[in-house]
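Enquirer: Okay, here's the prediction I keep looking at, along with the sequence it came from:
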Amino acid sequence: PLKSLVDFPVGVAVPADPYAHSLLISSERQEVVETHFNSLTAENIMKMMFLQPEPNKFAFTHADALVEYAHQQNMIMHGHALVWHTQSPKWMNDYQGSKDDFKALLKNHISTVAGHFAGKLASWDVVNEAFLDDGTASNPTKYRETIWYNNIGPEYLEMAFRLAREADSEVDLYYNDYDLVKNVSKIDRVVKMLEDFQQRNVPIDGIGFQVHIDTDTPSIKNIKEAFTKVVKRGVKVRVSELDIAVNQSEQYSELTKEVSTLQRQRYAEVVDAYMDVVPEHLRGGITLWGITDGDSWILGLENAQIGLYYLMRSFKINLHLLAWLKG
Ligand code: XIL
């Protein structure tokens, strides 16, 4: 099993959702999950729209079942995500109110949700994707203009971390974002926020790197440099949503053995880079985003739909990784 080969949590995002008939969709998948992984993330059901579908009406049944399942299996559970601009309920997106009203809204969600799961999770993505890829003239700080930013200001980030810590004193608190391994300006802005938090004693335990990449970019050098910037601040690095798409270019438009090998090598290189630059005590773990390529959210993205073709990461990906780890 994958999980027995390394000394950091090896995780997978599971599609359990209110519409699924079984927790992990099929017994075949369930077996892969139980054999190879020791950490779970809910791919969707712990996001705001699922946990607070109506104002102040919280719905924990499905998430509780998943957390319970994880614990039965001796797996740790990662919470994703307390605050995100996507997959928040419509009523929240449409909410009108003063700055204080929005602060109360944020506080109610975080305190209730983090309080509900207190003691049961290893970690939380406290805020997801708060930075833009680039700044604009009117927004040089390059924070994403979400309902929280627009109504509270950038201090909503700090507020979220403090509230999460108040609700759960032990859980690791992460800031999570995409493209941090390839957008230098973005990782630098995240590290700046991290330094600022550390100076002012705002609780934060690590940075989550989504790492939705392809076989060509970014370079392993770029990936290592990004991880290193966080390691230097003495907090944890999690690869929170790893997937490696292929066939983003015509070059790989067929499912050849070479393409499959390329993808396999790339997974190995990313794990290698992680182990190389992140010291053991700062390894929050690596989580794959989806059990197989066939389940992957990438298939729903525009590129996939306009005919570009993504390789199915078969169940064998686990075995590829396994073979590599065994050396
Ligand atoms: C995706 C899920 O995989 C999809 O099922 C859902 O429709 C949309 O969200 N970054 C994140 C994840 O932080 O929550 C996203 O998950 C993928 C990108």
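Expert: Right, received. Where do you want to start?
Enquirer: Show me the shaky parts of the stretch 151-300 of the chain.
Expert: 247-256, 293-294, 299-300 (pLDDT under 70).
Enquirer: can you map out the helices along the chain?
Expert: Secondary structure of the chain (DSSP state H): helices at 27-36, 48-51, 61-72, 90-93, 99-116, 147-152, 155-167, 184-199, 220-231, 257-277, 302-305, 316-326.
Enquirer: Include distance to S123 and mean neighbour count when you put those into a markdown table, please.
Expert: Yep, even glycine has a C-beta here, placed from its N, CA and C like the rest. Shown next, in a markdown table, are the helices of the chain (distance: least, C-beta to C-beta, whole Å; neighbours: other C-beta atoms under 10 Å):
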| stretch | distance to S123 | mean neighbour count |
| --- | --- | --- |
| helix 27-36 | 18 | 16 |
| helix 48-51 | 17 | 20 |
| helix 61-72 | 13 | 17 |
| helix 90-93 | 24 | 13 |
| helix 99-116 | 11 | 17 |
| helix 147-152 | 21 | 19 |
| helix 155-167 | 10 | 21 |
| helix 184-199 | 16 | 17 |
| helix 220-231 | 15 | 18 |
| helix 257-277 | 16 | 17 |
| helix 302-305 | 30 | 12 |
| helix 316-326 | 22 | 16 |
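Enquirer: Looking at the stretch 51-200 of the chain, which residue is nearest the ligand?
Expert: N128 (5.1 Å; C-beta to the nearest ligand atom).
Enquirer: K90 - nearest residue in space that isn't next to it in sequence?
Expert: Closest residue in space to K90, ignoring its immediate chain neighbours: M49 at 8.0 Å, by C-beta to C-beta, 6 or more residues apart in numbering.
Enquirer: returning to that earlier point: and the residue of the stretch 51-200 of the chain closest to the ligand, how far from G234?
Expert: Taking C-beta to C-beta, to the nearest Å as the measure, N128 and G234 are separated by 22 Å.
Enquirer: And those two? Which one has more around it.
Expert: N128 (23 against 12; other C-beta atoms under 10 Å).
Enquirer: distance between the ends of stretch 54-66?
Expert: Stretch 54-66 has an end-to-end distance of 21 Å (C-alpha to C-alpha, to the nearest Å).
Enquirer: thought T228 was touching V277?
Expert: Yes: in terms of C-beta atoms under 8 Å, T228 counts as a neighbour of V277; the distance is 5.2 Å.
Enquirer: ok so, going back, V239 is nearest to which of the helices of the chain?
Expert: helix 257-277 (6.2 Å; C-beta to C-beta).
Enquirer: For Q198, which non-adjacent residue is spatially closest?
Expert: R233 is the one closest to Q198 (C-beta to C-beta, 6+ apart), at 6.6 Å.
Enquirer: Show me which residues of the stretch 201-327 of the chain are close to the ligand?
Expert: Q210, E241, W297 (C-beta under 6 Å from any ligand atom).
Enquirer: Quick one: residues contacting Y175.
Expert: D125, V126, V127, A130, L157, V190, M193, L194, I204, G206, I207, G208 (C-beta atoms under 8 Å, 6 or more residues apart in numbering).
Enquirer: my bad, Q73
Expert: E34.
Enquirer: quick revisit: shouldn't the residue of the stretch 51-200 of the chain closest to the ligand be in contact with S88?
Expert: No: N128 is beyond contact range of S88, at 10.7 Å (criterion: C-beta under 8 Å).
Enquirer: Perfect, that will be all.
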